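**Q** sharing a model prediction with you, sequence too.
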Amino acid sequence: MSQTRVWRVEFDADAARDLRRLGAVAERAILRYLRQRIATAEDPRRFGRPLTGDPKGLWRYRVGDYRIVAAIEDDRFIVLVVAVGHRREVYD
């Protein structure tokens, strides 16, 4: 029987601040997505897309009009959120 991995989702300081600035509704939706989809996934890459260009190695996730940009640390089972924001502004 295979054991399901649990990924730990962490926020760097800037991403945590950005998340709080989005407002309560968006913050709840994003946290719920991270908790229900990403943390319990066998492979969190399944739900995202790799970023191309300059920020290589990062992944993006879509939650409505918001985007989550994260680094995935396979060896420690950590998804480190480095940016959260509206799709118009998150990649700036």
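**A** Looks like it arrived, so ask away.
**Q** give me the phi and psi angles of the nearest residue to Pro44 once chain neighbours are set aside.
**A** Nearest residue to Pro44, sequence neighbours excluded (CB to CB, 6 or more residues apart in numbering): Ile38, at 4.8 Å. Backbone N, C-alpha and C define where each C-beta goes, glycine included. Dihedral angles of Ile38 (phi, psi; degrees, to the nearest 10) stand at phi -80, psi -50.
**Q** contact partners for Ile38?
**A** Contact analysis of Ile38 by CB atoms under 8 Å, 6 or more residues apart in numbering lists Trp7, Val9, Pro44, Phe47, Tyr61, Val79.
**Q** pull up the pairing partners for the helix or strand hosting Val79, direction included.
**A** Using DSSP states H and E, Val79 sits within strand 78-86. The pairing partners recorded for strand 78-86 under DSSP bridges are strand 8-11 (parallel), strand 66-73 (antiparallel).
**Q** list the buried ones in the longest one?
**A** Using 16 or more other CB atoms under 10 Å as the test for burial, strand 66-73 gives Tyr66, Arg67, Ile68, Val69, Ala70, Ile72.
**Q** returning to what we had before: mind checking pLDDT for the residue nearest to Pro44?
**A** For Ile38, the pLDDT comes out at 95.
**Q** against Glu73, how distant is it?
**A** 13 Å (CB to CB, to the nearest Å).
**Q** same thing with Asp14?
**A** Applying CB to CB to Asp14 and Glu73 gives a distance of 18 Å.
**Q** report the buried residues of the strand or helix carrying Arg60.
**A** Assessed by DSSP H and E, Arg60 sits inside strand 58-63. Across strand 58-63, burial judged by 16+ other CB under 10 Å covers Leu58, Trp59, Arg60, Tyr61, Val63.
**Q** just stretch 21-30 next, same as before
**A** Leu22, Ala26, Glu27, Ile30.
**Q** does the closest residue to Leu34 other than its chain neighbours have any beta-bridge partners, and if so which?
**A** Leaving aside its chain neighbours, Leu34 sits nearest to Val9 (4.7 Å; criterion: CB to CB, 6+ apart). Residues in a beta bridge with Val9, per DSSP bridges, are Val79.
**Q** with that, I have no additional questions.
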